[in-house]
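K.L.:
structure, please.
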Amino acid sequence: MKRYCLALDLKNDPALIAGYVKHHENGWPENLKAIKDAGIEVMDIYLTGNRLFMIMETKDDFSFEEKSKSDALNKKVQEWEELMWRYQLPLPHAKPGEKWMVMDKIFEL
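P.N.:
Numbering: from 1, shown residues only. Reported below is the predicted structural model:
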């Protein structure tokens, strides 16, 4: 099993942040299936202020590239991603169009 940690910001607006949280309380079944079908076994998202932190545990053969290809062909996933962009704000060092950014592990105990 692999573990990935990712970060992303939300627009710093309490109403938008509340809306984002509300959407995640009722995830769309088609998107949850796409996540699981990609080999993601655990996905947790944490929030502090307007900063999001995601922990993903995946099967050993998980690939971000393959997930992106599959997502591009899935209308419901694309609809969800378009909706989420209304709330999300790329990190300052993100490339154009880049959302969740994989974090580098710098310490382990």
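K.L.:
ranges for the strands of this protein?
P.N.:
Ranges of strands in the chain, per DSSP state E, are 2-10, 40-48, 51-58, 88-89, 101-102.
K.L.:
how distant is the first one from the center of its chain?
P.N.:
Read that as strand 2-10. 7 Å (CA atoms, centre = their mean, to the nearest Å).
K.L.:
run through the neighbouring helices and strands of that strand.
P.N.:
Where contact means 3 or more CB pairs under 8 Å, 6 or more residues apart in numbering; DSSP states H and E, strand 2-10 is packed against helix 14-25, strand 51-58, strand 88-89, strand 101-102. Heads up, the C-betas are built off the backbone N, CA and C, glycines and all.
K.L.:
who wins for proximity to Lys2 among the ones you listed?
P.N.:
Closest approach to Lys2 among the helices and strands packed on strand 2-10 (CB to CB): strand 51-58, 4.9 Å.
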